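Participant: Fold the following and give me the result.
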Amino acid sequence: MSKENGPRRLALISSKGTLDWAYPPFILASAAGAMEWEVAIFHTFYGLPLLKKELDAAVSPMGNPAMPMKMPFGPDGFQKINWNIPNLLMSNVPGFESMATGLMKQTFKKKGVATVEELRDMCVEMDNVRLIGCQMTMDVFGFKREDFIDGCEIGGAATFLEYAADSDVSLFI
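Facilitator: Alright, predicted model coming up:
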C-alpha cells in the first residue's frame, strides 16, 4: 500500500545477533518489502554479524532471561520434552547453547519457518530493501568489507538517520 507521496517507509535498527533476535528484522523487512514498502535495516553492534557471509547465529539463554524453556522438543510420535531449566543453570551446562540452537532450528524447520539465511536472501533480492552495516561497529570490532555479503552497504549513523528521517515506521530491535 502506498501513501500519497510514495511508498511507505520502514526503518529498522538491528542490534542483537542471537538466533532469536536475528528473525524479527528480516521477517519485518521481507514482509514490508513484499508489500512494496521501502525498507532499511541498520545493523549495528551485535546485529552487524548478521550480514557476515558465514552466518552462525545461536540461541543464548543467558542473554534472554525470558526464553521459554517449556517449548516442547522431541521426535514426532514420541512424548515431547518440556524443558524447565533455570537460565543460570543452562548457561553453565557445556553444550547447552549448541543443543538449544539445533532444537530451535529443527522446530522452525518442522513448522515451515524460513531460515534466517533465506529471509536475509529475500531481502537482498528485493530492490526496495537496504541492508546497511555500521561502519563504526566494523572499525571497533575489526571487521573488513569482504567479511560481509554482497548486496549490503556500509554506512555510518548519518546514512541511516537520513533514511529514517522520512520513515513512516521506525523500530529498534
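Participant: What ranges in this protein fall below the confidence cut-off?
Facilitator: By pLDDT under 70, the low-scoring segments of the chain are 1-3, 61-93.
Participant: ok now do the most centrally placed residue in it, which residues does it touch?
Facilitator: Nearest to the mean C-alpha position of the chain, by C-alpha atoms, centre = their mean, lies Ala22 at 1.9 Å. The contact partners of Ala22, by C-beta atoms under 8 Å, 6 or more residues apart in numbering, come to 16, 50, 55, 57, 116. To be clear about C-beta, it is placed using only N, CA and C from the backbone, and glycine gets the same treatment.
Participant: did I read that right, the fourth one in a strand?
Facilitator: Put plainly, it is Ala57. No - if the criterion is DSSP: H, G, I helix; E, B strand; the rest coil, then Ala57 is coil and not within a strand.
Participant: Isn't Arg145 up against Gly155?
Facilitator: No - the criterion here is C-beta atoms under 8 Å, and Arg145 misses it with Gly155 at 11.8 Å.
Participant: More neighbours: which of these two?
Facilitator: Gly155 (19 against 10; other C-beta atoms under 10 Å).
Participant: Any buried residues in stretch 101-111, and which?
Facilitator: Neighbour-count burial for stretch 101-111, counted by 16 or more other C-beta atoms under 10 Å, picks out 101, 103-105.
Participant: do the same with stretch 121-139
Facilitator: For stretch 121-139, by 16+ other C-beta under 10 Å, it's 121-123, 126, 128-135, 137-138.
Participant: Which of these fall within strands?
Facilitator: Among the buried residues of stretch 121-139, the members found in strands (DSSP state E) are 129-134.
Participant: of these, closest to Gly112?
Facilitator: Looking at these and their distance to Gly112, the nearest is Val129, at 22.2 Å (C-beta to C-beta).
Participant: if we can go back for a sec, mind putting the ones in strands among the buried residues of stretch 121-139 in TSV, distance to Ser167 included?
Facilitator: Putting those into TSV (distance: C-beta to C-beta, whole Å) gives the following:
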residue	distance to Ser167
Val129	13
Arg130	12
Leu131	16
Ile132	13
Gly133	19
Cys134	18
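Participant: Which member of those is positioned nearest Glu36?
Facilitator: The closest of these, once distances to Glu36 are taken by C-beta to C-beta, is Val129, at 10.9 Å.
Participant: I'd assumed Arg120 was in contact with that closest one.
Facilitator: No - if you go by C-beta under 8 Å, Val129 and Arg120 don't touch, sitting 9.9 Å apart.
Participant: Common neighbours of these two, please.
Facilitator: By C-beta under 8 Å, 6+ apart, no residue touches both Val129 and Arg120.
Participant: ok, now how distant is the residue lying closest to Arg9 once chain neighbours are set aside from Phe42?
Facilitator: Excluding its sequence neighbours, the residue lying closest to Arg9 (C-beta to C-beta, 6 or more residues apart in numbering) is Ser167, at 4.2 Å. Ser167 sits 11 Å away from Phe42, going by C-beta to C-beta, to the nearest Å.
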